[in-house]
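Enquirer: Here you go, sequence then predicted model.
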Amino acid sequence: MACVDVLEAVGVPVWRQGQGQSERNTVAEIEGRLYRVRAETGFPRNGRIKVNPDETETDCYLVYCDDLDTVFAMLQTKSRTRSHAE
């Protein structure tokens, strides 16, 4: 999946699921801390990126938008989700 490839391209260690399992749920190590990462696909709509994340418990969503050829990071916080373009 494009999101995992982006992490690996910038040198972030990523633990992938076993063979035959979805790559949408991974673990990434950033600055010595492990994060649960969920990869999703989004699409532009009305000037925003539309994504329908599932209820998976995660620390961060990585959203790939094919139309923009861009990966966005949405960090989970206790009160809301913050977005950052990569």
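Expert: Received the coordinates, thanks. Quantities reported herein were computed from a predicted structural model and do not represent experimental measurements.
Enquirer: For the chain, which segments count as helices?
Expert: Using DSSP state H, the helices of the chain run over 2-9.
Enquirer: pLDDT below threshold where in it?
Expert: 1, 18-22, 55, 77-86 (pLDDT under 70).
Enquirer: Centroid-nearest residue for it?
Expert: Residue closest to the average C-alpha location in the chain (CA atoms, centre = their mean): L62, at 1.6 Å.
Enquirer: Was I right to think that one contacts A73?
Expert: Yes. If you go by CB atoms under 8 Å, L62 and A73 touch, sitting 5.8 Å apart. Backbone N, C-alpha and C define where each C-beta goes, glycine included.
Enquirer: got the phi/psi numbers for the spatially most distant residue from the centre of the chain?
Expert: Most distant residue from the mean C-alpha position of the chain: N46, 21.6 Å away (CA atoms, centre = their mean). Backbone torsions for N46, taken as degrees, to the nearest 10, come to phi 50, psi 40.
Enquirer: bridging residues for the residue nearest to the centre of the chain?
Expert: Taking DSSP bridges as the rule, L62 bridges to A39, A73.
Enquirer: Just want to check the distance between it and E40.
Expert: Separation of L62 from E40 (CB to CB, to the nearest Å) stands at 7 Å.
Enquirer: the strands in this protein, which residues?
Expert: 14-15, 25-30, 33-45, 48-50, 60-65, 70-76, 81-85 (DSSP state E).
Enquirer: Tell me which other helices or strands the shortest one touches.
Expert: Translated: strand 14-15. Identification of packing neighbours for strand 14-15 by 3 or more CB pairs under 8 Å, 6 or more residues apart in numbering; DSSP states H and E yields helix 2-9, strand 25-30.
Enquirer: Mind checking those for the one nearest to W15?
Expert: W15 lies closest to strand 25-30 among those, at 4.4 Å (CB to CB).
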